[in-house]
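In: mind folding the following:
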Amino acid sequence: MEEENYVKILFQFYSDVLEEETVETVWATVIDKEKGLYKLDNIPFYAPNVAADDIVYAEFDDYHERLTYRHIFEPSGNSTVQVILFDDNSPINEVRALFDVLGCTSEKANDSYFVMDVPFNLDYSIIQHKLKELEDSGVLGYAEPCLSENHNYNE
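Out: Residues are numbered from 1 along each chain as shown. Next comes the predicted model:
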């Protein structure tokens with residue numbers, strides 16, 4: 001895609017972890033600039049309730065002086081999972097590879113934190129089982145800031 005088809009969208013939200021308003025920018029492709037529609041192109045690291053491939057409505061915000069998220073226009077059905085590693089003996093790329101084999105892509109923030117995209121068509125119970133197994137063994141902790149209707153069930 002041509003460079004002008006990519007934009008950064010600002011997400012502003014309250015972080016329970018930081019206990020303050022915070023922001024994150026996420027790359028998106030232009031679907032219809034006139035209508036303010038954009039498709040998220042990467043996995044949000046922190047922004048809640050959104051996932052890769054969601055089509056969102058965003059508009060220019062004068063205060064922030066940039067394109068700013070307003071709401072989801074069409075959910076992708078994907079889910080976002082945040083993962084933090086606790087075990088120094090489990091290299092992050094090896095843990096990410098475990099989920100890659102199951103069909104989940106991920107983006108690494110640093111050596112102990114990554115986010116994972118669970119595509120709409122995957123059986124989340126398999127991914128959730130692996131997450132719980134690793135959590136129970138002390139390797140990691142995880143959160144589900146965007147769990148789609150396709151994946152919203154318990155083991």
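In: what sits against A143?
Out: 81-82 (C-beta atoms under 8 Å, 6 or more residues apart in numbering). Glycine gets a C-beta too; all of them are placed from N, C-alpha and C.
In: that one should be in a helix, yeah?
Out: No: secondary structure of A143 (DSSP: H, G, I helix; E, B strand; the rest coil): strand, not part of a helix.
In: what pLDDT is listed against it?
Out: Here, the pLDDT recorded for A143 equals 94.
In: next, the buried residues of stretch 104-111.
Out: In terms of neighbour count (16 or more other C-beta atoms under 10 Å), stretch 104-111 has its buried residues at 104-106.
In: before we move on, what about stretch 53-60?
Out: 53-56, 58.
In: and stretch 4-22, average pLDDT?
Out: 87.
In: list the helices and strands the strand ranked longest in the chain packs on?
Out: As assigned by DSSP state E, the longest strand anywhere in the chain is strand 20-32. Strand 20-32 sits against strand 6-15, strand 37-40, strand 55-61, with contacts defined as 3 or more C-beta pairs under 8 Å, 6 or more residues apart in numbering; DSSP states H and E.
In: cutoff 10 Å now
Out: Secondary-structure packing of strand 20-32 (3 or more C-beta pairs under 10 Å, 6 or more residues apart in numbering; DSSP states H and E): strand 6-15, strand 37-40, strand 55-61, strand 66-74.
In: alpha carbons of it, as PDB, please.
Out: What follows is strand 20-32, C-alpha atoms only, in PDB (Å, rounded to 0.1, in the frame of the first residue of the first chain):
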ATOM      1  CA  GLU A  20      -4.700   8.000  35.000                       C
ATOM      2  CA  GLU A  21      -5.800   9.200  31.500                       C
ATOM      3  CA  THR A  22      -3.400   7.900  29.000                       C
ATOM      4  CA  VAL A  23      -2.900   7.800  25.200                       C
ATOM      5  CA  GLU A  24      -1.700   5.400  22.500                       C
ATOM      6  CA  THR A  25      -1.400   5.700  18.800                       C
ATOM      7  CA  VAL A  26      -2.300   2.800  16.500                       C
ATOM      8  CA  TRP A  27      -1.500   2.500  12.800                       C
ATOM      9  CA  ALA A  28      -4.500   2.100  10.500                       C
ATOM     10  CA  THR A  29      -5.300   2.000   6.800                       C
ATOM     11  CA  VAL A  30      -7.700   4.500   5.200                       C
ATOM     12  CA  ILE A  31     -11.000   2.900   4.300                       C
ATOM     13  CA  ASP A  32     -13.000   6.100   3.600                       C
END
